[in-house]
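K.L.:
Have a look; sequence and predicted model below, questions after that.
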Amino acid sequence: MIPVKISEQSPRVSFYDEVGNIQGHKEELELLPEIREQAQIREAALKQRMTNRYNKKVIRRSFTPDDLVLIRNDIGVNKSGDGKLAANWKGPYKIREVFGKGYYKVTDLNGTKLPSCPKIFEKNAQNDKPESETSGLTTVTSSTERKRSVIGNIHVLFNPNRGDIKLGQVRLLLDKAYKLSEEWGSIPVIIAGDLNSLPQSAIYEFLASSKLDIQLHNRKNMSGQLEIQSNSRVFRSQIGYEASISISHSRQFLHGWTMEELNLATGTIGAANLQHHLNLRSAYSSVPGNHGTRDDIGEPLATSYHSKFMGTVDYIWHSEELTPVRVLETLTIDILRRTGLPSELFHHKEAYH
């Protein structure tokens, strides 16, 4: 007897297209960074919701000098030999100094310092150059004026069709920069980088005005860039996407937004309005420049010039308490037409981003 599968080929074998299969694999590999970006944004949004839910149950307390407090006993066997019958708290103690961020120096009621606590508190009080654990953000202290600033850098996804991911990346950076600024006493914020968005775009509007109604804008034109198609890459936002997050039957909103896309952009289920708490100003718009290198609102005419694109996608934003006095002037269009940007000619003389 001869098995049927030997004499009769299965549809999988009969309709196998080697060229189409290879092309499909290439397209899936090209979309892999975007799928990873989606997973990162969903993970960050989930962590934010968990943090908000936890913080609702936390009763925050702050103390002032001369307040009486109790200190929790160390976990484990008490040194006095009381074992598990020892008190959970010891004290009272008196607050002597307040350093902020939940750090205090305490003494007993007679004014005697505790033997172990002062070293910990003094070390934190003198730490003038802390670093944030958030990627792309750090706090910088001026050595002359002793003033701190939060500096953030970002390179936003290029794909013009994925306005939800681009907006989500910008939102996450602004939220983390604001939290870090508030943690250090409302210190100034500077945001710089390649936003892959034009000055006339909705993302630029969000940064400048601090708010945005997403449903008034097309997801595929959030950055103001035209969709680029070439022989090497064709942007198809739906290839492999619906299978990865299962939203093929999601309810469509105005301008083609789905619930999943709104969630990626806003970080909140069902929300369609975005708002950030930083009052940002564009450094280039704040400093007058040459008409040959600036547009109507003061932004550079071009920070990127090559065969497929010419325009401004790189920016420096700062909070309103900072006043820029000078910026590096960009090249004129005539020069860029001959050299392009990025270019090996200006690789060591000018920073591309």
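P.N.:
Looks like it arrived, so ask away. Numbers count the residues shown, from 1 in each chain.
K.L.:
I'd like to know which elements the longest strand anywhere in the chain is packed against.
P.N.:
Looking across the chain with DSSP state E, the single longest strand is strand 89-100. Packing contacts for strand 89-100, counted by 3 or more CB pairs under 8 Å, 6 or more residues apart in numbering; DSSP states H and E, involve strand 68-72, strand 103-107, helix 117-125. The way it works is simple: take the backbone N, C-alpha and C, and place the C-beta from them, glycine included.
K.L.:
Pull the residues that contact that strand.
P.N.:
63-73, 104-109, 111, 113-114, 121, 124-125, 185 (CB atoms under 8 Å, 6 or more residues apart in numbering).
K.L.:
Mind checking which of these are buried?
P.N.:
Among these, the ones that count as buried by 16 or more other CB atoms under 10 Å are 73, 104-107, 114, 121.
K.L.:
Out of those, which is nearest to residue 54?
P.N.:
Using CB to CB, residue 104 comes nearest to residue 54 of the buried ones among the contacts of strand 89-100, at 23.2 Å.
K.L.:
Helices of the protein, residue ranges please.
P.N.:
Using DSSP state H, the helices of the chain run over residues 4-7, 11-14, 18-55, 117-125, 163-183, 202-209, 241-245, 259-266, 283-286, 333-339.
K.L.:
Same list (the ones you listed) but as a markdown table, adding mean pLDDT and distance to residue 90.
P.N.:
Converted to a markdown table, the helices of the chain look like this (pLDDT from 0 to 100; distance: least, CB to CB, whole Å):
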| stretch | mean pLDDT | distance to residue 90 |
| --- | --- | --- |
| helix 4-7 | 62 | 77 |
| helix 11-14 | 74 | 72 |
| helix 18-55 | 87 | 27 |
| helix 117-125 | 34 | 12 |
| helix 163-183 | 92 | 29 |
| helix 202-209 | 94 | 50 |
| helix 241-245 | 32 | 52 |
| helix 259-266 | 88 | 46 |
| helix 283-286 | 92 | 53 |
| helix 333-339 | 86 | 70 |
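K.L.:
could I get the ones you listed as a markdown table with distance to residue 272?
P.N.:
Below are the helices of the chain laid out as a markdown table (distance: least, CB to CB, whole Å):
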| stretch | distance to residue 272 |
| --- | --- |
| helix 4-7 | 53 |
| helix 11-14 | 44 |
| helix 18-55 | 15 |
| helix 117-125 | 42 |
| helix 163-183 | 12 |
| helix 202-209 | 13 |
| helix 241-245 | 19 |
| helix 259-266 | 6 |
| helix 283-286 | 28 |
| helix 333-339 | 38 |
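K.L.:
Nearest to residue 192, out of those?
P.N.:
Distance to residue 192, taken as CB to CB, is lowest for helix 283-286 among those, at 8.5 Å.
K.L.:
Touching the closest one from outside, list them.
P.N.:
Residues from elsewhere that reach helix 283-286 (CB under 8 Å, 6+ apart): 294, 297-300, 315-318, 323-324, 327.
K.L.:
Just the buried residues out of the residues you listed, in PyMOL syntax.
P.N.:
Here is the PyMOL command that selects the buried residues among those (16+ other CB under 10 Å):
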select buried, resi 294+298+299+300+315+316+317+318+327
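K.L.:
now, the most widely separated pair of the contacts of helix 283-286?
P.N.:
Using CB to CB, the pair of the contacts of helix 283-286 lying farthest apart is 300 and 323, separated by 19.6 Å.
K.L.:
Domain ranges for this structure, per the record?
P.N.:
Domain assignment for the chain by automatic domain parsing gives 22-58+132-278, 68-125.
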